[in-house]
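In: Generate a structure from the sequence data that follows.
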Amino acid sequence: MSAQIYFFTKYASKGASSRYRTLQYLKHIPESFHYKVLPLFDNSYIEQLYRTGKKPIIKAFLSYCLRLIHLFKLLWNKESIFVIENELWPYIPFSIEKLFLRGKKRIVLIYDDAIFHHYDLSSNVYLQKNKNKIGELMCTADLTIVGNKYLAQYAGNWTKNITIIPTVADKQKYEKKNYAQYSQETNIITNTNTNQKLNLLWIGSPATSHYLLELEDLFSDTWFINNVKLTLVGARIENKNSEFNSMIKNPFQAEIEYVNWNEANEVSIIQQCDIGIMPLPNDSWSKGKCGFKLIQYMLAGLPCIASPVGANVDIVVDGKTGFLANTKEEWLHCLQEFHNNRDLIESNGRAGRERALALYTIDATKDNWLNAILG
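Out: Presented below is the predicted three-dimensional model:
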C-alpha cells in the first residue's frame, strides 16, 4: 500500500507560491498514491489580506489552530509523507514543529523565497533567538526543494539533500503571441514620433507592489510619460496612505492602467502588452526571488526587462530574450531600444518563449518534482 502524502501548503489556490510550487503538479501524481492538501491559510484569508492590506489576525489564529488539529491527528502516522511549504507555522519555534515531524516516512520542504531572512535579519529579539529555525528544519528533512541558487546556497549550510526546481508554468495556458502588429506593414516607427505607446506590464500583488518604487524616477521621466503606458496587474492598494499610492499620485506620472488579477484572464492580459518588467532592489530578500513573472512573460512571448538580481540573471538572456537593467539610464535605454525597433520585441519575445518552453514548464520539471516528493 502506497504512503499517504500530506501537502502542508502555506496558501490555498489564490496564493501564487502554493499554486505554482505545489498545486499545479498534483494532477501528475500517480493514481497509486493518495494525497491531501492542508493549506495553512485559505482563500478568504488572502482575499481579506489584499482587500484591507492588513493581516486578518483572528483568521490567522484559527488557521494555526486548525493546522495543530490536523497534525495531532497525524501524530502517530508513521507511513505518511509530509511535504511542507516553508514551515508548519510562521514564527513558531523549531522545537515545537519537530514534535510533529518525528517518525514520518519522508519529509520534503519547498522554498521559493528567502524566508529564513524573516528570522536571521530581523532586529526582533524573539525572531533572532529562532534565527536558525529554517536551517534546523532543513536538517530534519529528507530533501529540500529550492527555486534558485541563492536559496540552495543557504540550504547547503545545513544539508546536502538539496534539489533546485524553478517555479514554472503550464505551457498549455500560453498560446503563441500574435506579432503582426510589430511588422513594418502595420507600424511605421520613427525615432521622433509614434502614436503607439509601448505597453509595459508588471504582474504582482498588493504585497509586492513596493518593488515598483525601484523605478520611481523612471516613471517620472518625460520620455517615459510620453511614450510608455503601464499596465499593473494586481498592484491596486486600497490603503490610500500607502507609500506606493503616494508615489503614483505624482502629477508627472505616466499613463497607468490597473487590472485586478484573475487567473482566468491572466494570460490574455499578458499577451495584450509589449514588454514585461521585474524591478528588484539588490538586497538579501530579493536574491531569494525565483523570477516567476519573467517566466510568465516569456511563455506568453513577451521580451523582459529586469533588475540583475537573484534568479533574474539566470532566466533572462541579456540582449536575446530581453535586457538586464540596473540604473534609471539603463532602463530608459532598453525601453528606447524596443520603442525605436519594434522588430526587436518580436525577436526577443520569440527567443524568450523558446527558452521558457525548454526550461520553465511543468513538462520540463514534473519528473524531477515527482521524484523529489516520492523519493
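
In: got the residue ranges for the helices in the stretch 51-200 of the chain?
Out: Under the criterion DSSP state H, counting those that start in this stretch, the stretch 51-200 of the chain contains helices at 57-73, 94-97, 117-120, 125-129, 133-140, 149-155.

In: Listing request: residues of the stretch 251-375 of the chain with sub-threshold pLDDT.
Out: 251-253 (pLDDT under 70).

In: residue boundaries of the strands in the stretch 101-250 of the chain?
Out: Taking DSSP state E, counting those that start in this stretch as the test, the strands found in the stretch 101-250 of the chain are 106-111, 143-146, 162-164, 198-203, 228-233.

In: Can I get the last one in CSV? Just the C-alpha atoms.
Out: Output for strand 228-233, consisting of C-alpha atoms alone and laid out as CSV, is shown next (Å, rounded to 0.1, in the frame of the first residue of the first chain):
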residue,chain,number,x,y,z
VAL,A,228,5.1,54.3,-22.4
LYS,A,229,1.9,53.0,-20.8
LEU,A,230,2.0,51.0,-17.6
THR,A,231,-0.3,48.0,-17.1
LEU,A,232,-0.2,46.9,-13.5
VAL,A,233,-1.9,43.6,-12.7
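
In: Show me which of the strands of the stretch 101-250 of the chain has the highest average neighbour count.
Out: Highest mean neighbour count among the strands of the stretch 101-250 of the chain (mean count of other C-beta atoms under 10 Å): strand 143-146, with a mean of 25. No exception for glycine: its C-beta is placed from N, CA and C like everyone else's.

In: Return that one as PDB; C-alpha atoms alone will do.
Out: The C-alpha coordinates for strand 143-146 follow below in PDB (Å, rounded to 0.1, in the frame of the first residue of the first chain):
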ATOM      1  CA  LEU A 143      15.000  16.600   0.900                       C
ATOM      2  CA  THR A 144      14.800  20.400   0.500                       C
ATOM      3  CA  ILE A 145      13.500  21.700  -2.800                       C
ATOM      4  CA  VAL A 146      14.500  25.300  -3.600                       C
END
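
In: And it, how far out from the chain middle?
Out: Relative to its chain's centre, strand 143-146 lies at 17 Å (C-alpha atoms, centre = their mean, to the nearest Å).

In: who touches it?
Out: Strand 143-146 has contacts (C-beta atoms under 8 Å, 6 or more residues apart in numbering) with 106-112, 138, 152, 155, 159, 161-165, 369, 372, 375.

In: which residue packs closest to the residue nearest the centre of the chain, ignoring adjacent ones?
Out: Nearest to the geometric centre of the chain sits Phe292, at 4.5 Å (C-alpha atoms, centre = their mean). Nearest non-adjacent residue to Phe292, counting by C-beta to C-beta, 6 or more residues apart in numbering: Thr167, 4.3 Å away.

In: The one you found touches Asp112, doesn't it?
Out: Yes: with contact defined as C-beta atoms under 8 Å, Thr167 and Asp112 form a contacting pair (5.4 Å).

In: Give me the common contacts of the two.
Out: 17, 20-21, 147, 290, 292.

In: Out of these, the closest to Asn130 would be?
Out: Distance to Asn130 across these (C-beta to C-beta) is lowest for Ser17, with 21.4 Å.

In: For Gly288, see how far away the nearest residue to the closest one once chain neighbours are set aside is.
Out: For Ser17, ignoring the flanking residues on the chain, the nearest one in space by C-beta to C-beta, 6+ apart is Asp112 at 5.5 Å. Going from Asp112 to Gly288 by C-beta to C-beta, to the nearest Å gives 8 Å.

In: now do Thr22
Out: For Thr22, the distance to Gly288 - C-beta to C-beta - is 18 Å.

In: As TSV, the shared contacts of Thr167 and Asp112 with distance to Glu266 would be great.
Out: As requested, the shared contacts of Thr167 and Asp112 are exported to TSV (distance: C-beta to C-beta, whole Å):
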residue	distance to Glu266
Ser17	16
Tyr20	12
Arg21	17
Gly147	20
Cys290	18
Phe292	12
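
In: circling back to that earlier point, contact partners for the residue nearest to the centre of the chain?
Out: Applying C-beta under 8 Å, 6+ apart, we find Phe292 in contact with 16, 20, 112, 167, 169.

In: Check Lys293 too.
Out: Lys293 makes contact with 202-204, 276, 278, according to C-beta under 8 Å, 6+ apart.

In: Tell me which two in those residues are the farthest apart.
Out: Pairwise distances across the contacts of Lys293 (C-beta to C-beta) peak at 11.3 Å, for the pair Gly204 and Gly276.

In: which residues sit in contact with Trp285?
Out: Counting by C-beta under 8 Å, 6+ apart, Trp285 has contacts 113-114, 117, 121.

In: Pop out the phi and psi values for Pro39.
Out: phi -70, psi 150 (degrees, to the nearest 10).

In: Settle this for me: it is touching Lys10, isn't it.
Out: Yes: judged on C-beta under 8 Å, Pro39 makes contact with Lys10 at a distance of 6.9 Å.
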